[in-house]
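K.L.:
generate coordinates for the sequence data below:
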Amino acid sequence: MNQFRLDHPDLLYLFLILPILGILYWISYSRKKKALAEFGEMNIISQLMPYASFTRPFLKFGILLLALSFIIFGLAGPQFGSKLQTIKRKGVEIIIALDVSNSMMAQDIQPNRLERAKRAVSKMVDKLNNDKIGLVIFAGEAYTQLPITTDYASAKMFLSSISTDIVPIQGTAIGAAINLSVKSFTPDSEASKAIIVITDGENHEDDAIAAAKAALDQGIIVHTIAMGLPEGAPIPVSPGSRDFKRDEKGNIVISRLDQQMVEQIATAGGGKPVIANNTTTGLNALFTEINKMNKTELEQRVYAAYDEKFQLFIAIGLLLLFLEFLVLERKNRHLKDINLFKPSK
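P.N.:
Residues are numbered from 1 along each chain as shown. Sure thing, here's the model as predicted:
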């Protein structure tokens, strides 16, 4: 790997100084040449000034421009990505299966079941370190909301966008959510895997217990969080509404926690059932269980650590400035007759 970049590329605008210096030097040279011409012919003036040099000022100015070029480029911070660094990450893989059915809008858990669950998951994401997380949402069907990743910022962004309107078919298909979660883990990964199902437990669609058992057979632990209270609460027609859903007879529908179902799913999946209330969601307790799982190497990332090379260019620039200082504008009286390229007689 051999990459190049500048740490301060905006400083390259300093190169605009060089043509300005060139113009000023040319104006100064033209005026000096005009002043000498007023004294007489240049071949005669040259004989009167045997130590004067008409080429060394150009040489000195050229060295000065070259020195400034190196210094400006050095100030821009050239870096070469030739240093390789390998980082090993160890963790587990977690899929959150979040119930987004209309019953999750019940407010027996404040501000409502779904919002409380989202806040709890967000806090859990803040505590993750090298673990992978994915997000599955479900109502009448299950969908992958976030593929498994270590991008925690994206996880929180996707989490914040979840509502009960995100799944078009209503219902509570916990089994489908578990089956999709099983398929959402990294293929052929040997990492420890866990599914956390957050639901009020009102399963109307499939056999969630059988799905949890099938997951356990593949080495995947299924934990559950029961989001709701046994006494239940009515379901608002829309967020913030004081009107509630009613059955065919016009009676207000009360959504109650199916605690037995939630516990049976966790038992079948070899996990731990947690009952949420208005004090705690219990997700911290499950996070403790997950931290006890064997953490294996998930991936290796190779980064190019850039080497600073500005010192080299600054040093060459300063060396050229010193050389420009040593070069005299006039010929040296002791060296003026030496010509290395003149053949000896």
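K.L.:
Ala117: what secondary structure?
P.N.:
helix (DSSP: H, G, I helix; E, B strand; the rest coil).
K.L.:
can you pull out the low-pLDDT segments for the stretch 151-300 of the chain?
P.N.:
203-205, 298-300 (pLDDT under 70).
K.L.:
what are the ranges of the helices in it?
P.N.:
Assigned by DSSP state H, counting those that start in this stretch, the stretch 151-300 of the chain shows helices spanning 152-160, 174-183, 208-217, 259-268, 283-291.
K.L.:
so the fourth one versus helix 208-217, what angle?
P.N.:
With axes from the mean of the first three to the mean of the last three C-alpha atoms, to 10 degrees as the criterion, the two stretches helix 259-268 and helix 208-217 enclose an angle of 20 degrees.
K.L.:
quick check: buried residues in helix 259-268?
P.N.:
For helix 259-268, the neighbour count (16 or more other C-beta atoms under 10 Å) marks Gln259, Met261, Val262, Glu263, Gln264, Ile265, Ala266, Thr267, Ala268 as buried. In this view, the C-beta of every residue, glycine as well, is placed from N, C-alpha and C.
K.L.:
domains of this structure?
P.N.:
4-84+305-326, 89-298 (the TED database).
K.L.:
point out the most buried one among those domains.
P.N.:
Among the domains of the chain, domain 89-298 has the highest mean neighbour count (mean count of other C-beta atoms under 10 Å), at a mean of 19.
K.L.:
where's Leu48 relative to Met42, distance?
P.N.:
Noted for Leu48: a distance of 10 Å to Met42, by C-beta to C-beta, to the nearest Å.
K.L.:
likewise Ala276?
P.N.:
Ala276 is 98 Å from Met42, by C-beta to C-beta.
K.L.:
other residues contacting stretch 270-282?
P.N.:
109-110, 116-117, 120, 194-195, 212, 216, 221-229, 257, 259, 262-263, 265-267, 283, 285-286, 289 (C-beta atoms under 8 Å, 6 or more residues apart in numbering).
K.L.:
could you dump it to CSV, C-alpha only?
P.N.:
Provided in CSV are the C-alpha atoms of stretch 270-282 (Å, rounded to 0.1, in the frame of the first residue of the first chain):
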residue,chain,number,x,y,z
GLY,A,270,-32.4,-20.9,25.9
GLY,A,271,-32.5,-17.3,26.9
LYS,A,272,-33.8,-15.1,29.7
PRO,A,273,-37.3,-13.5,29.9
VAL,A,274,-37.4,-10.0,31.3
ILE,A,275,-40.5,-8.1,32.3
ALA,A,276,-40.4,-4.4,31.7
ASN,A,277,-42.2,-1.8,33.8
ASN,A,278,-42.2,2.0,34.1
THR,A,279,-39.0,1.8,36.2
THR,A,280,-36.8,-0.3,34.0
THR,A,281,-37.0,-2.1,30.7
GLY,A,282,-34.7,-4.9,31.8
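K.L.:
the helices of the stretch 151-300 of the chain: which one's closest to Gly317?
P.N.:
Among the helices of the stretch 151-300 of the chain, helix 152-160 comes nearest to Gly317, with 41.9 Å by C-beta to C-beta.
K.L.:
remind me what the closest one packs against, helices and strands.
P.N.:
helix 113-127, strand 132-138, strand 142-149 (3 or more C-beta pairs under 8 Å, 6 or more residues apart in numbering; DSSP states H and E).
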